[in-house]
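Chemist: Sharing a sequence plus its predicted fold:
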Amino acid sequence: MTVYTYDLEIILPRVVGPLREILELELKAGNSVQEVAVPWPMKQANVWLAQRFHKDYAADYPSLRYTYLGDPRNWIEEYVDVENQIMVAVSGSARF
């Protein structure tokens with residue numbers, strides 16, 4: 001899937017706080033952004049990564065909701081900032 005300039009310049013900057021930290025850690029670890037979208041499922045920003053999360057961030061970021069979905073048609077797992085309506089997830093087609 002193509003990540004468009006609009007997605008990177010307008011939507012991606014909406015990822016803030018703990019999810020921005022997780023996203024930056026994942027990119028440094030070699031993960032990549034596969035898709036960026038709004039307004040579903042979260043209204044502000046949704047980012048899907050190409051690989052599984054490189055670590056478990058739940059203990060480091062207790063304000064985020066972590067869910068393992070295991071759905072290869074949609075996405076495998078996600079961290080959600082419910083208050084700010086932002087999600088960073090692992091794509092269903094993620095490489096393991």
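Modeler: It's in.
Chemist: all helices of the chain, in order?
Modeler: 5-6, 17-28 (DSSP state H).
Chemist: and Asp60, how far is that from Val15?
Modeler: 17 Å (CB to CB, to the nearest Å). Quick note: C-beta positions are derived from backbone N, CA and C, even for glycine.
Chemist: swap that for Tyr79, please
Modeler: 11 Å.
Chemist: For these two, list the residues in contact with both.
Modeler: Residues touching both Tyr79 and Val15 (CB atoms under 8 Å, 6 or more residues apart in numbering) are Val88.
Chemist: how much does whichever strand in the chain runs longest deviate in direction from helix 17-28?
Modeler: In the chain, assigned by DSSP state E, the strand with the most residues is strand 86-95. Relative orientation of strand 86-95 versus helix 17-28 (axes from the mean of the first three to the mean of the last three CA atoms, to 10 degrees): 30 degrees.
Chemist: helices or strands up against strand 86-95?
Modeler: The helices and strands touching strand 86-95, judged by 3 or more CB pairs under 8 Å, 6 or more residues apart in numbering; DSSP states H and E, are helix 17-28, strand 33-37, strand 45-51, strand 75-81.
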